[in-house]
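Participant: Requesting a structural model of the entry that follows:
(one chain, ligands or ions: 2)
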Amino acid sequence: MPSTLTDNQLYQKVKFYGKNALLWRQKFIGLLPEVQKRRLYEKKHFGSIFEFAFKLAGLSEQQVRTTLNLEKRFSDKPALKALLENGEVSVNKLVRIQAIATPQNEEELARVVKILPRNALETLVRDENGGSKPKIEIKSLHVQDFGHDGVLQLNEKVTKKLLELQKKGIDVNKVLLELLNRREREIADEKETISANLPTTTSRYVPARIQKVVRQEHGNKCSIPTCHKPAEHLHHTQTFALSNRHDPRYLAPLCKEHHLIAHSINVVVQEKRETAVL
Ligand SMILES: [Zn+2]
Ligand SMILES: [Zn+2]
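Facilitator: Ligands and ions are numbered 1, 2, ... in the order given. Predicted coordinates:
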């Protein structure tokens, strides 16, 4: 009797049923291409595969079309096709990576699509922009193009000083560029210094001096050049568990999505390394 359950018990129950309902639906969807091939719906007296899917599982026409379409596109991609057929991954997720899937990268994608949530998959596909291999590139000391954030905000004091220099016939662009270059050099030097004297550690805590230099370089945004989301994680581009060092040359602030992507690709790289050793 539902009325005798505590809130917590009721919540556990709906969560359990909900999760299973989704899973079984995914499995149903996975069988649709075979149903279509055999025209099973005709043999069982349904007007169409759409009626079949609606009456048996409440699926919309659009969901059926998407599934059949995906199955066609995966005909030369066995790993992805298997995920669809055995209902391991939702059509919603598969449809997102379909645009960048090729026979060459499909095995890699099949692994990644199981790990990453939908948002991160969208980011991955956007980054790929039709390319062939999932890759992640973190550029150090990449100078953001000012256009994106709109107008440069120079305060009165700075504007006045620059104007004074300009009046004297001094090239203010050159002055600014020299200052910016010096700043970049100082950051790079600081990173080298820290790195040269860096002890190994098992602590995940990144010391303040290192956090500071990373912030000087990347500000508070994700360090993927095309991404403008706020940074949420300080990612080790050289796996920390292997290096045991918080080397600032290999630290990159990343947004939530790019961090998930970075780790899912790490996993792929590690799996490859393991199979290579075998
Ligand atoms: Zn990380
Ligand atoms: Zn990002």
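Participant: how deep is Lys81 tucked in, by neighbour count?
Facilitator: Counted with other Cβ atoms under 10 Å, the neighbours of Lys81 add up to 21. The C-beta positions use only the backbone N, C-alpha and C, and glycine is treated the same way.
Participant: which phi and psi does it have?
Facilitator: Backbone torsions for Lys81, taken as degrees, to the nearest 10, come to phi -60, psi -40.
Participant: How about it: what's its closest non-neighbour residue?
Facilitator: The shortest distance from Lys81 to any residue other than its chain neighbours is 3.9 Å, reached at Phe74 (Cβ to Cβ, 6 or more residues apart in numbering).
Participant: who's in contact with Val172?
Facilitator: Leu162, Leu165, Gln166 (Cβ atoms under 8 Å, 6 or more residues apart in numbering).
Participant: Of these, just say which sits nearest to ligand 2.
Facilitator: Nearest to ligand 2 among the contacts of Val172 is Leu162, at 32.9 Å by Cβ to the ion.
Participant: Spit out the contact partners of the closest one.
Facilitator: Leu154, Val172, Leu176.
Participant: redo that, cut-off 10 Å
Facilitator: Leu154, Ile170, Val172, Asn173, Val175, Leu176 (Cβ atoms under 10 Å, 6 or more residues apart in numbering).
Participant: and the closest residue to ligand 2 within the stretch 1-150 of the chain, what element?
Facilitator: Nearest residue of the stretch 1-150 of the chain to ligand 2, counting by Cβ to the ion: Thr123, 6.7 Å away. In the assignment (DSSP states H and E), Thr123 maps to helix 118-128.
Participant: cool, and Leu32?
Facilitator: helix 7-38.
Participant: returning to that earlier point: make a markdown table out of the contacts of Val172 and add pLDDT.
Facilitator: What follows is the contacts of Val172, written out as a markdown table (pLDDT from 0 to 100):
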| residue | pLDDT |
| --- | --- |
| Leu162 | 92 |
| Leu165 | 94 |
| Gln166 | 93 |
